[in-house]
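Asker: Just need the structure, nothing else, for what follows:
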Amino acid sequence: MGALSKFLGKPKEIVIKGETITIQPLKVKDMELFSKKEPTDKEIQQMGREILKLSIPDATAEEIDNLDMESFVQIMDEVNKLNGFKDERVGAIKDRIAKSKQ
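Answerer: The predicted structure is shown next:
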């Protein structure tokens, strides 16, 4: 193990609508997902899908696309907390997806 191995993120179990799922922390290599300055709504939706896929690796694309907004928002809030995000990029992605689905 290298010098930084003790700082690797640990998965977290969360409960959504009474069901327990495990979310994985994002990694530095995943930060490119948030690099676009002015993403379109379509790009924002794709970012949300990718964040969920990285956070819940066994989720299928169909499950992600058919996820209800309440569950999506709860999961994204937990992803924010797990990764220490201060509701900047991921929060903006979550908010824009929620608005586009209304």
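
Asker: Quick check: buried residues in stretch 24-31?
Answerer: 24-26 (16 or more other C-beta atoms under 10 Å). Just so you know, the C-beta spots here come from the backbone N, C-alpha and C atoms, and that holds for glycine as well.

Asker: now those residues as JSON lines including distance to K10?
Answerer: Listed next are the buried residues of stretch 24-31 as JSON lines, based on distance: C-beta to C-beta, whole Å:
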{"residue": "Q24", "distance to K10": "9"}
{"residue": "P25", "distance to K10": "7"}
{"residue": "L26", "distance to K10": "13"}
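
Asker: Between these, which sits nearest G2?
Answerer: Nearest to G2 among the buried residues of stretch 24-31: P25, at 17.3 Å, using C-beta to C-beta.

Asker: Could you tell me which residues make contact with that closest one?
Answerer: The neighbourhood of P25, defined by C-beta atoms under 8 Å, 6 or more residues apart in numbering, consists of 9-12, 55, 82-83.

Asker: Mind putting the residues you listed into TSV with distance to L33 and neighbour count?
Answerer: Listed next are the contacts of P25 as TSV, based on distance: C-beta to C-beta, whole Å; neighbours: other C-beta atoms under 10 Å:
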residue	distance to L33	neighbour count
G9	16	12
K10	21	7
P11	19	11
K12	19	16
S55	11	25
L82	15	18
N83	11	18
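
Asker: Inside strands: which ones of these?
Answerer: With strands taken from DSSP state E, the overlap with these comprises K12.

Asker: Now flag whichever of the contacts of P25 is closest to K36.
Answerer: N83 (18.1 Å).

Asker: Please name the nearest non-neighbouring residue to the closest one.
Answerer: L26 (5.2 Å; C-beta to C-beta, 6 or more residues apart in numbering).

Asker: Identify the residue nearest L52 in space, chain neighbours excluded?
Answerer: Nearest to L52 is I64, by C-beta to C-beta, 6+ apart, at 5.1 Å.
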